[in-house]
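**Q** Any chance you could fold what I've pasted below:
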Amino acid sequence: MDKQEIPQITKETEEEIKEQIKKVEEICQINSKKVLTAFQECNLQEVHLVSSTGYGIDEAGRNKIEEIYAKIFKAEDSLVRTQLISGTHALAVTLSALLRPNETMLSITGEPYDTLQTVIGIGKKESKSSLKSFGIKYEQINLINNDFDIEKIKQRLAKKDVKLVEIQRSRGYSTRKSLTIEKIEKVITAIREVNNEVIIMVDNCYGEFVQDKEPIEIGADIAVGSLMKNLGAGIATSGAYIVGKKDLIELCAERLTSPGIGKEIGPSLNQNPLLLKGLFFAPTVVASSVKTAIFASRILEKLGYKVEPTYNEQRADIVQTISLGSEEALVKFCQGIQKGSPIDSYVIPYPSDMGGYDDKVIMAAGTFTQGSTIELSCDGPIRAPYIAYMQGGLTYEYGKLGILKAIEYIKK
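**A** Residues are numbered from 1 along each chain as shown. Got it, this is the predicted structure:
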């Protein structure tokens with residue numbers, strides 16, 4: 001395909017995805033109302049934009065943000081802090097808070113994301129600070145045909161010796177499909193038929209506001225995510241959240257700060273306006289990211305690439321995968337995405353070692369905030385079958401332009 005063909009194929013693609021784009025906009029409307037209603041019912045005021053320094057003892061703005069998050073997620077309580085620096089950090093805090101030596105956690109979505117494997121102690125690289133090093137046991141039940149093995153899960157949990165069930169909503173660096181809210185609700189219902197005590201935790205990264213429901217309102221006890229992804233909307237410059245039952249949130253707060261102090265301290269350091277504005281824009285930005293993914297899926301499929309999900313499949317998160325078949329093709333595609341970025345478009349990314357990953361990883365992201373994967377970015381581990389994991393797009397228009405720039409680069 002030469003440069004002259006791109007406008008025509010773009011026009012064809014946009015015509016073909018109209019129905020899917022309309023559905024995304026309908027979900028955006030539902031989630032926008034959810035956010036606005038929470039702001040209003042929680043009586044958000046200008047005074048709550050003022051931030052604290054030092055200890056941040058019982059800060060009004062921070063407390064109000066956590067009240068709003070709890071309202072949106074239909075949770076009893078929340079912990080929303082810039083001191084939680086990533087999704088992996090928030091997950092590590094949660095697991096460390098809720099699990100004790102000789103207790104067992106069970107992943108029912110197979111092998112977790114690469115960085116979480118190191119946290120648990122099942123990765124190739126061992127850490128003396130992993131859950132395993134503290135005597136916490138780990139088991140997993142793999143998915144079958146991209147869905148939960150419900151009978152096996154029920155049999156295992158009927159023994160009532162598992163403390164925590166972990167569900168990873170997004171695919172991570174795997175080839176499985178991400179899991180819809182409907183599938184997660186079905187397995188939670190099945191779990192509660194045999195076990196009411198086990199804690200059900202959902203890794204919600206990349207999934208917030210993609211559908212019209214969130215994990216807590218379908219029965220999960222606790223959910224975790226990063227503000228560098230969906231809910232930060234490219235505006236929040238740091239942070240993560242944990243939402244769920246009040247007693248569980250208190251344990252997480254005590255793990256983040258210290259026993260006996262919990263949620264009472266934690267300065268917001270001038271971040272409150274950014275966290276609130278990011279949350280306010282999140283439904284629209286997530287919708288833009290999903291639209292960008294749908295466009296990328298269809299146009300790359302038309303160009304002969306294997307994509308997942310396809311453009312007309314139901315989506316559970318903002319991630320779009322493109323199977324490229326070789327290290328060279330993967331690297332070149334990511335380099336093309338970098339060229340379509342607003343910042344550091346001149347930079348040529350190459351694979352390198354990264355903390356928490358066993359394989360070398362290539363990451364392309366010319367983002368306003370480092371690591372903000374809600375902005376157009378693309379990455380992947382250097383291992384077969386050489387899949388690019390693309391996500392983000394602050395606006396559909398910018399996302400589309402970035403994809404077209406990448407296509408132009410890889411087709412040279």
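
**Q** Which residue ranges of the stretch 251-400 of the chain form strands?
**A** Listed in chain order, the strands of the stretch 251-400 of the chain (DSSP state E, counting those that start in this stretch) span 306-308, 320-323, 361-364, 377-381, 387-391.

**Q** Need those in CSV (columns: distance to residue 215).
**A** Just so you know, the C-beta spots here come from the backbone N, C-alpha and C atoms, and that holds for glycine as well. Compiled in CSV, the strands of the stretch 251-400 of the chain are given as follows (distance: least, C-beta to C-beta, whole Å):
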stretch, distance to residue 215
strand 306-308, 23
strand 320-323, 22
strand 361-364, 27
strand 377-381, 24
strand 387-391, 19
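
**Q** pretty sure residue 240 contacts residue 83?
**A** No - using C-beta atoms under 8 Å, residue 240 is not in contact with residue 83, being 9.0 Å away.

**Q** which of the two has more neighbours?
**A** Shown here are residue 240 and residue 83; by other C-beta atoms under 10 Å, residue 240 has more neighbours (29 against 18).

**Q** tell me the contacts of that one?
**A** Residue 240 is in contact with 80-81, 84-87, 89-90, 224-228, counting by C-beta atoms under 8 Å, 6 or more residues apart in numbering.

**Q** From residue 19, how far out is it?
**A** Separation of residue 240 from residue 19 (C-beta to C-beta, to the nearest Å) stands at 34 Å.

**Q** Also residue 204?
**A** Counting by C-beta to C-beta, the gap from residue 204 to residue 19 is 27 Å.

**Q** more crowded one of those two?
**A** Of the pair residue 204 and residue 19, residue 204 is the one with more neighbours under other C-beta under 10 Å, namely 31 against 9.

**Q** Now do the phi/psi pair for that one.
**A** Phi and psi for residue 204, reported as degrees, to the nearest 10, are phi -90, psi 10.

**Q** do residue 166 as well
**A** Dihedral pair for residue 166: phi -110, psi 130, per degrees, to the nearest 10.

**Q** What pLDDT does the model give it?
**A** Note on residue 166: pLDDT of 98.

**Q** Just send the strands of the stretch 251-400 of the chain back as CSV, with mean neighbour count and mean pLDDT too.
**A** Shown next, in CSV, are these (neighbours: other C-beta atoms under 10 Å; pLDDT from 0 to 100):
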stretch, mean neighbour count, mean pLDDT
strand 306-308, 18, 96
strand 320-323, 22, 96
strand 361-364, 22, 94
strand 377-381, 23, 93
strand 387-391, 26, 95
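
**Q** of the ones you listed, which approaches residue 297 most closely?
**A** strand 306-308 (4.7 Å; C-beta to C-beta).

**Q** Each with direction, which strands does the closest one pair with?
**A** strand 320-323 (antiparallel) (DSSP bridges).

**Q** what sits up against the strand it pairs with?
**A** Residues outside strand 320-323 that contact it (C-beta under 8 Å, 6+ apart): 171, 175, 293, 296-297, 300, 305-309, 333, 385-391.

**Q** and residue 70, how many residues sit next to it?
**A** Neighbour number of residue 70 under other C-beta under 10 Å is 23.

**Q** Quick one: residues contacting it.
**A** With contact taken as C-beta under 8 Å, 6+ apart, residue 70 is in contact with 76, 77, 78, 243.

**Q** what's the answer for residue 345, then?
**A** 338, 339, 366.

**Q** Quick check: phi and psi at it.
**A** Residue 345 adopts backbone torsions of phi -70, psi -20, taken as degrees, to the nearest 10.

**Q** thinking again about what came up before, present the contacts of residue 240 as CSV; the columns should include pLDDT and secondary structure.
**A** Conversion of these to CSV gives the following (pLDDT from 0 to 100; DSSP: H, G, I helix; E, B strand; the rest coil):
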residue, pLDDT, secondary structure
80, 98, strand
81, 98, strand
84, 97, coil
85, 95, coil
86, 95, coil
87, 96, helix
89, 98, helix
90, 98, helix
224, 98, strand
225, 98, strand
226, 97, strand
227, 97, coil
228, 95, coil
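
**Q** just curious, which of those residues is nearest to residue 235?
**A** Of all the contacts of residue 240, residue 235 sits closest to residue 227, with 9.1 Å by C-beta to C-beta.

**Q** buried subset of the contacts of residue 240?
**A** Buried subset of these (neighbour count, 16 or more other C-beta atoms under 10 Å): 80-81, 84-87, 89-90, 224-228.

**Q** Make a markdown table out of those and add distance to residue 397.
**A** Below are the buried ones among the contacts of residue 240 laid out as a markdown table (distance: C-beta to C-beta, whole Å):
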| residue | distance to residue 397 |
| --- | --- |
| 80 | 30 |
| 81 | 33 |
| 84 | 32 |
| 85 | 31 |
| 86 | 28 |
| 87 | 27 |
| 89 | 33 |
| 90 | 31 |
| 224 | 31 |
| 225 | 26 |
| 226 | 25 |
| 227 | 24 |
| 228 | 22 |
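
**Q** Which residue is the nearest non-sequential neighbour of residue 343?
**A** Distances taken as C-beta to C-beta, 6 or more residues apart in numbering put residue 366 closest to residue 343, at 4.2 Å, once the chain neighbours are dropped.

**Q** I meant to write residue 6 there.
**A** Residue nearest to residue 6 in three dimensions, not counting chain neighbours: residue 404, with 6.1 Å by C-beta to C-beta, 6+ apart.

**Q** could you say which helix or strand contains the one you found?
**A** Assigning secondary structure by DSSP states H and E places residue 404 in helix 396-410.

**Q** now the helices for the protein?
**A** Ranges of helices in the chain, per DSSP state H, are 6-16, 18-41, 60-73, 87-98, 114-120, 150-157, 181-194, 246-256, 272-302, 327-339, 396-410.
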